[in-house]
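> what's the 3D shape of this:
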Amino acid sequence: MNNRVLDTNIKIKAARRVDRSDLHFARMGVGTGDDTSLADSPHYASALRALETLPVTDDDNPDGNINFYEQLGSVDCGRLCAGLTPLQDYPEDDVRLRVARCLALCLSVHHRLLCIQPAATVSAIVDCVLVFLADDEREVAQEACEWLISFSETTTDAAPLAEHFDEMLPRLQHLTVFTEDMIWVNDAGDAEEVISWQDSRENESESEDEDPSAEWNGRKAAAAAYDALSEFVQARAPEHAEAFLRTTLELISRRLHSQDWLEVESAILITGAIACAFKTEMEPTLPSIVPFLVECMAHEKSLVRSIACWTTSRYGDWICQPGNDLASAVLSRVLELFQNPVIQVRLAASASLSNLLESEGAVEAFAPLVPTMAESLAVAMSCAENTKNLTCVCDAIATLAERGFLKDHQDCSELLLSSFMDQWAIIEERGDGLERLLPLLEALSELVQSAGLTCIPFAQGLHEKGISLVEVSLSSNTHDDNTSESAAAALDLLSSLSEALGENTLQFISETPIVTLVCGLVSAEDIQTDVRLAAFALVGDYARDCYEDIAPFLAEVVPVLLTVGARGDDDRLRQNAIWALGEMTPHSGEGLAPFTEDLAECLRSVFHSHSQRALYGTAAVTAGRLAIKHPQVAMSSFISLDFAQWCVAVSKAEIKEAQHCLEGLSAIANCDDESESLSPAMPHIALLINSFTEENFEEHPRVRRAALKLMRLLKLKLHPDEWCAAPTALPLREGVFAQLHALLDDDHELFNDEDDL
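Numbers count the residues shown, from 1 in each chain. Purely as a prediction, here's the structure:
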């Protein structure tokens, strides 16, 4: 895009914009010495005619306007926007709002709109947006913020905005200050409002009737615009980043210690909005800002407490750095807010805790406070008043479990599992909708996986509730998204239970209908994708942990899995189908034997279809398992494949999966006397071997033997001088190479295959 060029016409507009006091008086009906109505001015005539071509906003059909702009095309949209800019100071609010909305929609629909316009047109549009940012009508300013968000997401040239930072950023900051209509008062007489612009924007249509604070408004649009602009400038226009940050810090410093709590709240919000984009640049200021934010978490105004909590969590990576004494103080204050009487503060605390737990270094920084976190979350779970509050608490617990905080805290896992069971019972007793149960199920799945065998005392109750929920959801007369989501979430919970309990699963499902039910779901084609996806996964789990129960259904489910895996339209379903077949493959000497050739053909179709990496990796692991059981079948089926892709696809897989791929390659090598098929892939096989550590080889003898057999193949293929240079040429890590090389001539080590798969 060309650099912005000022011409006479633009300067005239700027002059009009400066002298807006006359316009203000005109709207009030106060004379200015000119009795001519501004609305009748010839200056607006052409623009008003252009405005008449726009569709009238229809709240019942919002896509109608979008279709209009899509059909109009980029060039014509640009001309339309430029033609409407004279209306930037038109006296009627509705007219300015329609113009602002048109500008925002045009850029949202046509991402390259500004790239193909003349510099003067771009300049006129930008000037108009800047005027709208200062408009007294908040809806007009909100549409200008929407335009800035679209600009940040679609444009690559920052020049049209960069020269206006000093003018634009203060206006954005001013829009983040609460107005009376944005604040609602709770029963305790305290002011409240949602702090997260992302959540409120996503949930606007479904939550307005329940929560007046969830409405998308100009303040949230301004905060989102500030966030988007900061990331845009840092990523795509770094030459302007210093000016952007300098202006922002000046705005923050002037307001952060203001006597007006609304100004303080706004400054804290902006501090959080720039956190992701300017993480490194903000570090010199954080030793003073973070303690101030911790103090603000105890502010008398709940809105300040909430925003301070959220902003603090945005700097979690810095807070969790080794040796940072503030980590404990921050987390302790956030946990205190779980007991705050204002629900919005508790929501902020839950969301902030999730952010902090996901920060780099959080596991080490917060380890001493895990019991306190578990106690606070258990209490919060017991008194979660509404779905949003429950969802935030569940998200925090799921993060705590997923990040491994509970690994050495069996008592904490038991406490949280107990709180989940109590909350589930409350939901059932009250007859609450499935919407309230979904976040609980999703978090419970993470907690169960983390708890492992600790969940045995709860396993019977969890299985009963999970199976019952699947049956009720699938038998419901209303097959809407909620019933399907609840069925899928319940199946995922049962899958997590199987992973946690392992072979102990059998004792909890042997007398239940779940195996029959889930095998029926695998074969059913008239259910929603998410339910079928979860059913495929659960069949694989049961094949791994209680094969005897699943074996009678193989003739029914395996052909379905093979068909979906080879030719399915949904890659997620294909991946779960092939994963389930991979869990059955270790038993292929039994009930799966008749399908061995078909499985090999299914995997070949995946390898030849240029599948996405995750699907290819899953197929490579399954192929490795097939090669261990049936090396001749695997060699004849896969001999023409690029084995290098196998290795790349599974190099970051879990150790057991990578182990099976490595063993499968070793089995194929043993069958292929000439070993010509594997030779070209040896550098990639070496990288796969590198994905294991020396400790892995000590702990997993089968992995060590598979690596040794492949290294023996390599040694036979290389000249002695090349073999000596192998660690550098392949490359193999020296420690791995030395460990394996020392065992390479040990026949017992190479050929003792007593371990079962």
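> mind listing the strands for the stretch 351-500 of the chain?
Here the stretch 351-500 of the chain has no strands by DSSP state E, counting those that start in this stretch.
> and if you look at the chain?
For the chain, the strands defined by DSSP state E cover 184-185, 191-192.
> Now do the same for the first one: mean pLDDT, whole number.
Taken as a whole, strand 184-185 has an average pLDDT of 52.
> Then the last one?
Per-residue confidence for strand 191-192 averages out to 49 on the pLDDT scale.
> Not counting its neighbours along the chain, what's nearest Leu229?
Leaving aside its sequence neighbours, Leu229 sits nearest to Ser152 (Cβ to Cβ, 6 or more residues apart in numbering; 5.2 Å). (Glycine included, C-beta is placed from N, CA and C.)
> Next up, the contacts around Leu740.
689, 697, 704, 707-708, 711 (Cβ atoms under 8 Å, 6 or more residues apart in numbering).
> same question, Leu688
647, 650-651, 658, 661-662.
> again, only using 7 Å
Residues in contact with Leu688 (Cβ atoms under 7 Å, 6 or more residues apart in numbering) are 647, 650-651, 658, 662.
> for Leu113, same thing?
Taking Cβ under 7 Å, 6+ apart, one finds 74, 77-78, 106-107 in contact with Leu113.
> And the pLDDT for the residue nearest to Leu229?
92.
> between the contacts of Leu740, which is nearest Arg574?
Ile689 (28.5 Å; Cβ to Cβ).
> Can you give me the separation between that closest one and Gly624?
As defined by Cβ to Cβ, to the nearest Å, Ile689 lies at a distance of 14 Å from Gly624.
> again, but for Glu663
6 Å.
> Who has more neighbours out of those two?
Neighbour count, other Cβ atoms under 10 Å: between Glu663 and Gly624, Gly624 has more, with 28 against 23.
> Got phi/psi on Val216?
You called it Val, but residue 216 is Trp. phi -70, psi 130 (degrees, to the nearest 10).
> count of residues packed around it?
Trp216: 19 surrounding residues under other Cβ under 10 Å.
> same question, Trp579
Using other Cβ under 10 Å: Trp579 sits among 22 other residues.
> same thing with Pro368?
Count around Pro368 with other Cβ under 10 Å applied: 11.
> distance of the nearest residue to it once chain neighbours are set aside from Cys455?
Nearest residue to Pro368, sequence neighbours excluded (Cβ to Cβ, 6+ apart): Ser328, at 7.3 Å. From Ser328 across to Cys455, the span is 30 Å (Cβ to Cβ).
> So for those two, which sits in the more crowded spot?
Ranked by neighbour count (other Cβ under 10 Å), Ser328 and Cys455 place Cys455 first, with 22 against 14.
> Tell me who's in contact with the more buried one.
Here Cys455 is in contact with 417, 448, 500 (Cβ under 7 Å, 6+ apart).
> contacting residues for the last one?
Applying Cβ under 7 Å, 6+ apart to Ala500 gives the contacts 448-449, 451-453, 455.
> next one: the first one
Neighbouring residues of Leu417 by Cβ under 7 Å, 6+ apart: 447, 451, 455, 458.
> per-residue confidence for it?
Looking at Leu417, its pLDDT stands at 96.
> Against Val126, how distant is Ile116?
Applying Cβ to Cβ to Ile116 and Val126 gives a distance of 15 Å.
> top of the contacts of Leu740 by neighbour count?
Compared across these, Ala707 has the highest neighbour count, 29 neighbours, by other Cβ under 10 Å.
> Skipping its backbone neighbours, what lies nearest that one in space?
Ile689 is the one closest to Ala707 (Cβ to Cβ, 6+ apart), at 4.9 Å.
> so how far is Leu172 from the one you found?
54 Å.
> What of Val345?
In terms of Cβ to Cβ, Val345 sits 26 Å off from Leu172.
> got it, and Pro371?
Taking Cβ to Cβ, one finds Pro371 at 43 Å from Leu172.
> And Val56, by the same measure?
29 Å.
> cool, and Asp325?
Asp325 is 34 Å from Leu172, by Cβ to Cβ.
> of these two, who's got more company?
Leu172 (23 against 6).
> Which pLDDT value goes with the more buried one?
Reported pLDDT for Leu172: 94.
> Could I get the contacting residues of it?
133, 222, 225-226.
> and it, how far is that from Ile268?
For Leu172, the distance to Ile268 - Cβ to Cβ - is 15 Å.
> and if you look at Phe458?
41 Å.
> and if you look at Arg712?
64 Å.
> neighbour count winner among these two?
Ile268 (29 against 16).
> quick one: contacts for that one?
Applying Cβ under 7 Å, 6+ apart, the residues contacting Ile268 are 293, 296, 307-308, 311.
> By neighbours, which of the residues you listed wins?
Ala308 (31 neighbours).
> And it, how close does it get to Leu269?
10 Å.
> Equivalent analysis for Ala535, please.
From Ala535 over to Leu269 the distance is 45 Å, taken as Cβ to Cβ.
> same question, Pro371
Taking Cβ to Cβ, one finds Pro371 at 33 Å from Leu269.
> Name the residue in those two with the higher neighbour count.
Relative neighbour count places Leu269 above the other of Pro371 and Leu269, with 27 against 12, counting by other Cβ under 10 Å.
> Who's the closest spatial neighbour of Arg572, skipping the chain neighbours?
Leu533 (5.8 Å).
> Counting neighbours, what do you get for that neighbour?
Leu533, neighbours per other Cβ under 10 Å, totals 19.
> Over to Arg430?
9.
> okay, and for the stretch 601-750 of the chain, where does confidence drop off?
Low-confidence segments of the stretch 601-750 of the chain (pLDDT under 70): 610-611, 639-646, 648-649, 651-653, 671-681, 717-719, 722-723, 725-739, 741, 744-750.
> same question but for the stretch 451-600 of the chain, I mixed them up
Checking the stretch 451-600 of the chain against pLDDT under 70 turns up 476-482, 588-591.
> for it, what spans make up the helices?
Counting by DSSP state H, counting those that start in this stretch, one finds helices in the stretch 451-600 of the chain at the ranges 456-475, 481-501, 506-509, 514-523, 529-545, 547-550, 554-567, 571-584, 596-607.
> Quick one: closest of these to Leu357.
That would be helix 481-501 among the helices of the stretch 451-600 of the chain, by Cβ to Cβ, at 19.3 Å.
> tell me which residues in the closest one are buried?
Buried residues in helix 481-501, counted by 16 or more other Cβ atoms under 10 Å: 482-501.
> Neighbours of the nearest residue to Phe178 once chain neighbours are set aside, how many?
Once flanking residues are discounted, Phe178 sits nearest to Leu262: 5.3 Å by Cβ to Cβ, 6+ apart. If you count neighbours by other Cβ under 10 Å, Leu262 ends up with 18.
> cool, and Asp93?
Neighbours of Asp93 using other Cβ under 10 Å come to 14.
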